[in-house]
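[1] Next comes the sequence, and after it the predicted model I'd like to discuss.
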Amino acid sequence: MSGVNPDNWTCPLPLRDYPNVVLGHGGGGKLSAELVEHLFLPAFRNDALAALGDAAIVPPVAGRLALTTDCYVVRPLFFPGGCIGDLAVNGTVNDLAVSGARPLYLTAGFILEEGLPLAALGDIVARMAAAARAAGVAIVTGDTKVVERGHGDGCFVTTAGVGAVPDGLTLGPERARPGDAVVVSGAIGNHGIAIMSVREGLEFETIIASDTAPLNGLVNEMLAACPNVRVMRDPTRGGVAATLNEIAGRSKVGIEIDEACLPIDPQVWAACELLGLDPLMVANEGKLVAVVPPSDADRLVAAMREHPFGARAAVIGTVSDQHAGMVVARTAVGGRRVVTLPVGEQLPRIC
Amino acid sequence: MKYLTEFRDGELARKLVAEIRSAVTRSWAIMEVCGGQTHSIIRNGIDQLLPPEVELVHGPGCPVCVTPVELIDKAHAIAAAPGVIFCSFGDMLRVPGTAGDLFQVKGRGGDVRVVYSPLDAVKLARENPTREVVFFGIGFETTAPANAMAVVQAQRLGLSNFSVLVSHVLVPPAIEAILGSPANRVQAFLAAGHVCCVMGYHQYPALAERFRVPIVVTGFEPLDLLDGIRRAVLQLEAGTATVENAYPRVVTFEGNRPAQAVLADVFEETDRAWRGIGVIPRSGWRLRAAYRAFDAEARFDVSGIRSVEPAACRSGEVLRGTLKPHQCAAFGKECTPRAPLGATMVSSEGACAAYYNYGRLVDLGTGRIGSAGAVACPA
């Protein structure tokens, strides 16, 4: 871990007396106040937060408001490519961005387990702050609770987000039409395999890093180049398969993809083969799926490839008037298969 | 990607399919023994590429599917016992026993953990000396060596808190049982490449000769499977019945001798019940007397469990190759991966799960792909 060292915090007492989270840090007393004053405020630094009101007061915004909230539980808290903190910021930023909203403000709720090293919390918060800066959003209010040892997983984070949707822009999974192109912004499956590799102690020849990233900048470029984008979704849990099935179901269309067109990193592909997982169903945290009229597809992909988070954007298939509600893939050898969803999590195979 | 893309080459696949088409003069039923092969066939749409005369029949080679419900119920009872850490491969967690699956046992407070290797369970036993660590040792000859090695390792370490719930099954007796059945209609076999990787294929020539049936050792990639089918068809058309090795990059005649040695040291043959099929003589392994201390069935009192199979489930017929999954009245209706009647709908190698997950475009009348229109690969 890197980042915050409690020894360097501005107020030496009593935080130095508690290298780990204790129940008092969530009790609303002095320990709680010091956590806010010396950990959260310096990291997230902004006027709305500094007022420390019961609610953050922010200026009015132009356009329709978009609201979202998401809870983050990930084990381990730190993994190749990120941690629960940047994940919590990027995830909520992305939920706003793919809804067409410009992300503006986030809230952050922490449920901490007694015993969590304060240095780890400091690192999580520092990375949240960095992620918020990178995405151009402000974390304006929050809350902290502490649960007894054994009643949490170190740290749970809940972030809510507020954004503004420009007038005239409407995106939604119900808007796909037969003939549309289906686009993915880059290589899929990295986050899920990265988490699995550290959680289960699996060792691969190369380290597979999470793709966690804020996508609002990419979305801006996409909408500037192609205002007619019909659908945008970030394929997190359930992967691209879940997102495409949702679009097919909500739009009452079929979706046909070509497996040969899917961008998949070789090491992710190899890990999936080894474990018997389908990369289409593995989670992503820095990718989006878009549906666009066919005449706009090339322009959209070209614009996406100009952005670092869309450098490997590709058309992976088309929307069809066949098999409504179903996603079908053409396989490498020319067969076809249904792309469905696992009932729960994908489970590694026996042999 | 080397070793993957080269066995999924579309051009080579078309050539193999063309060769199969030109060789076929009449109908043939070929069984792929292994559930992993079934999934690869359905997932890659290989069955759709074959001429209608070539019917692929799905075999009993899914270790999860053939584990008898009695043993699953025993696993659930052990996993629910206080102080137990119950370790299993992921596939087994959703397989229904009489009263639910291992996820439900876990939800009720059982300490059920997914492991990727039986040696991880041994490690857990070392790290938790006050807990009983039980490993669910299921599988064919493929997983058995690692499970045997875990027992050997536990003995070397002197672990008294480690045991294995053994349910190993063997392929050759299953093939023999299928061929010996009056209802059999299988005319050739694709033998499971990974089983042969461990055991070799020296057990098969006698079977091929006795039952006059071609057996082709086959891998799991699309080209492996198409080549296996091609060789089986060529033999059937020529009237020959020999054993061919179409997986020489992995399989030798002798197999893996060190693995066979540890298997022989730890296990001995026993009659074994197969879910949906019944008892097949000498078709399983149990721990030898020298390792009986590691037998979870002996360590935990799980003898009085009453098990019940759902009456509507016809997975036994699917496993014997006499019924296709979609020919079952419950398929996709009362029986889905969300509410499975049997293990074949749950396991990642189960034939019913393969049909449900990948093959729902197949026309139930013709067995061919039902939806018109090709999927174009955009530039």
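    Now that the structure is in, tell me what you want to look at.
[2] For the residue nearest to B:G255 when sequence neighbours are not counted, give me its contacts.
    Spatial nearest neighbour of B:G255, chain neighbours left out: B:G200 (2.8 Å); criterion: CB to CB, 6 or more residues apart in numbering or on different chains. Backbone N, C-alpha and C define where each C-beta goes, glycine included. By CB atoms under 8 Å, 6 or more residues apart in numbering or on different chains, the residues touching B:G200 are B:251-256.
[3] are any of the residues you listed buried, and which?
    Neighbour-count burial (16 or more other CB atoms under 10 Å in any protein chain shown) applied to the contacts of B:G200 gives B:251, B:255-256.
[4] Show me where the stretch 251-351 of chain A has its strands.
    A:254-258, A:289-292, A:314-320, A:327-330, A:336-338 (DSSP state E, counting those that start in this stretch).
[5] Present the ones you listed as CSV; the columns should include mean pLDDT, mean neighbour count and distance to B:A232.
    CSV is the format used below for the strands of the stretch 251-351 of chain A (pLDDT from 0 to 100; neighbours: other CB atoms under 10 Å in any protein chain shown; distance: least, CB to CB, whole Å):
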stretch, mean pLDDT, mean neighbour count, distance to B:A232
strand A:254-258, 96, 25, 30
strand A:289-292, 98, 26, 41
strand A:314-320, 98, 24, 34
strand A:327-330, 94, 26, 26
strand A:336-338, 91, 22, 23
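[6] okay, these in TSV with distance to A:A302 next?
    TSV is the format used below for these (distance: least, CB to CB, whole Å):
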stretch	distance to A:A302
strand A:254-258	20
strand A:289-292	12
strand A:314-320	11
strand A:327-330	24
strand A:336-338	29
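[7] what's the burial count for the closest residue to A:E273 other than its chain neighbours?
    Excluding its sequence neighbours, the residue lying closest to A:E273 (CB to CB, 6+ apart) is B:L4, at 6.4 Å. As a burial measure, B:L4 scores 13 neighbours (other CB atoms under 10 Å in any protein chain shown).
[8] And for the one 4 residues further on?
    Residues contacting B:R8 under the criterion other CB under 10 Å number 19.
[9] Spatially central, which residue of chain B would that be?
    B:C62 (2.0 Å; CA atoms, centre = their mean).
[10] what's the closest non-adjacent residue to the residue of the stretch 51-200 of chain A found nearest chain B?
    Using CB to the nearest CB, A:E200 is the residue of the stretch 51-200 of chain A that sits closest to chain B, at 6.0 Å. Excluding the flanking residues, the one nearest A:E200 by CB to CB, 6+ apart is B:Y116, at 6.0 Å.
[11] what's near enough to touch the residue of the stretch 1-150 of chain B found nearest chain A?
    The nearest approach of the stretch 1-150 of chain B to chain A comes at B:G45, 1.6 Å away (CB to the nearest CB). B:G45 makes contacts with A:331, A:333-337, B:358, B:369, as judged by CB under 8 Å, 6+ apart.
[12] For the closest residue to A:P293 other than its chain neighbours, give me its contacts.
    Sequence neighbours aside, A:N228 is the residue nearest to A:P293 in space, at 5.5 Å (criterion: CB to CB, 6+ apart). Counting by CB under 8 Å, 6+ apart, A:N228 touches A:292-293, A:296.
[13] What sits closest to residue 64 if chain neighbours are left out?
    Defaulting to chain A. Spatial nearest neighbour of A:R64, chain neighbours left out: A:V165 (4.5 Å); criterion: CB to CB, 6+ apart.
[14] my question was about chain B
    B:S347 (3.6 Å).
[15] Are we agreed that that neighbour is in a strand?
    No. Looking at B:S347 with DSSP: H, G, I helix; E, B strand; the rest coil, it is coil, so not inside a strand.
[16] Now render the contacts of B:G200 as JSON lines, adding pLDDT and secondary structure.
    Listed next are these as JSON lines, based on pLDDT from 0 to 100; DSSP: H, G, I helix; E, B strand; the rest coil:
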{"residue": "B:V251", "pLDDT": "97", "secondary structure": "coil"}
{"residue": "B:T252", "pLDDT": "97", "secondary structure": "coil"}
{"residue": "B:F253", "pLDDT": "98", "secondary structure": "coil"}
{"residue": "B:E254", "pLDDT": "97", "secondary structure": "coil"}
{"residue": "B:G255", "pLDDT": "97", "secondary structure": "coil"}
{"residue": "B:N256", "pLDDT": "97", "secondary structure": "coil"}
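[17] show me where pLDDT drops low in the stretch 251-351 of chain A?
    Counting by pLDDT under 70, the stretch 251-351 of chain A shows low-confidence ranges at A:350-351.
[18] Which positions in it make contact with chain B?
    Contacts of the stretch 251-351 of chain A with chain B, taken as CB under 8 Å from any CB of the partner chain, map to A:254, A:256-258, A:260-261, A:266, A:269-270, A:273, A:276, A:297, A:315-318, A:320, A:322-323, A:326, A:328-338, A:340, A:342-344, A:347-351.
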